[in-house]
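Trainee: Provided below are the primary sequence and the corresponding predicted coordinates.
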Amino acid sequence: METILPFLLAGLVGLGHAFEADHLIAVSNIVTKRKTWTSAARDGIFWGLGHSTTILLVGFILIVGQATFLDEILEKLEALVGIMLIILGVYRLFYRQKTTHFHSENQAHHSHHGLAYGVGLIHGLAGSGTLILVVMSKIQGVWASMLYLGIFGIGSIIGMLLAVGILSLPFYRESQFTQKIQQVFIILSSILCISYGIWILQGFLS
């Protein structure tokens, strides 16, 4: 039981990790483009896949190669998250008119989710260093460490799927929310995205 417990906790930690502020802000900005829950849910899944891809890749390099010196570089990459949030917010704020009108549910179902995957990649890159060093200090063995990171990734995918289910509610029920109210949500989400991105960058510049 003691050997299984860390891996069970990995899934719970990953699930909670998905609900961190910068993750929710970025994904909420993305799902404002969706008008069906299934399409928004795919964004959450693709974010989780991108996040897990980076963590597993960086984890393999650090754990197998023992390249712990990369941790300092990875910490500085947190600034990329700030830049990404600002770009997401600005783009969504000024191009909201183009993406709030959908011709059919099928169109939303066939929307591309590469943006969500890319955002997940950056989030994973920025936050992977500390996580992997903790794993290296707690888990013995290369494959056990990689398994921990894999379970963590699955937990983050599930967590983001749950988060998206809540965040997308105002955007896929047209009968309950008018386009004007949707526009308010989009503007607020964009401003929050930009503001949080600036706040992250200020932490590096100060």
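Mentor: Thanks, I have the structure now.

Trainee: where's residue 62 relative to residue 21, distance?
Mentor: 25 Å (CB to CB, to the nearest Å). Every residue, glycine included, has its C-beta placed from N, CA and C.

Trainee: the two: who's more crowded?
Mentor: More crowded of residue 62 and residue 21, by other CB atoms under 10 Å: residue 62, with 22 against 11.

Trainee: which residue sits closest to the more buried one, ignoring its sequence neighbours?
Mentor: Closest residue in space to residue 62, ignoring its immediate chain neighbours: residue 132 at 4.9 Å, by CB to CB, 6 or more residues apart in numbering.

Trainee: quick one: pLDDT of that neighbour?
Mentor: Here, the pLDDT recorded for residue 132 equals 78.

Trainee: tell me which element residue 185 falls in.
Mentor: helix 179-205 (DSSP states H and E).

Trainee: that helix packs against which elements?
Mentor: Contact partners of helix 179-205 among helices and strands, from 3 or more CB pairs under 8 Å, 6 or more residues apart in numbering; DSSP states H and E: helix 21-31, helix 78-94, helix 96-99, helix 169-172.

Trainee: of those helices, which stretch is the most buried?
Mentor: helix 21-31 (a mean of 23; mean count of other CB atoms under 10 Å).

Trainee: how many residues are close by residue 11?
Mentor: 19.

Trainee: should've said residue 7
Mentor: 15.

Trainee: tell me the phi and psi of it?
Mentor: phi -80, psi -30 (degrees, to the nearest 10).

Trainee: roughly how far does it sit from residue 150?
Mentor: 9 Å.

Trainee: low-confidence ranges in the chain?
Mentor: For the chain, applying pLDDT under 70 flags the ranges 1-3, 67-72, 96-112, 129, 170-178, 206.

Trainee: dump the helices and strands packed on helix 179-205 to JSON lines, plus distance to residue 198.
Mentor: Listed next are these as JSON lines, based on distance: least, CB to CB, whole Å:
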{"stretch": "helix 21-31", "distance to residue 198": "12"}
{"stretch": "helix 78-94", "distance to residue 198": "7"}
{"stretch": "helix 96-99", "distance to residue 198": "20"}
{"stretch": "helix 169-172", "distance to residue 198": "25"}
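
Trainee: which one of these lies nearest to residue 117?
Mentor: Closest to residue 117 of those, according to CB to CB: helix 21-31, at 10.5 Å.

Trainee: name the helices or strands packed onto the very next helix or strand once past that closest one?
Mentor: With elements assigned by DSSP H and E, the helix or strand that comes after helix 21-31 is helix 37-65. Applying 3+ CB pairs under 8 Å, 6+ apart, we find helix 37-65 packed against helix 21-31, helix 70-76, helix 105-109, helix 114-138, helix 142-167, helix 169-172.
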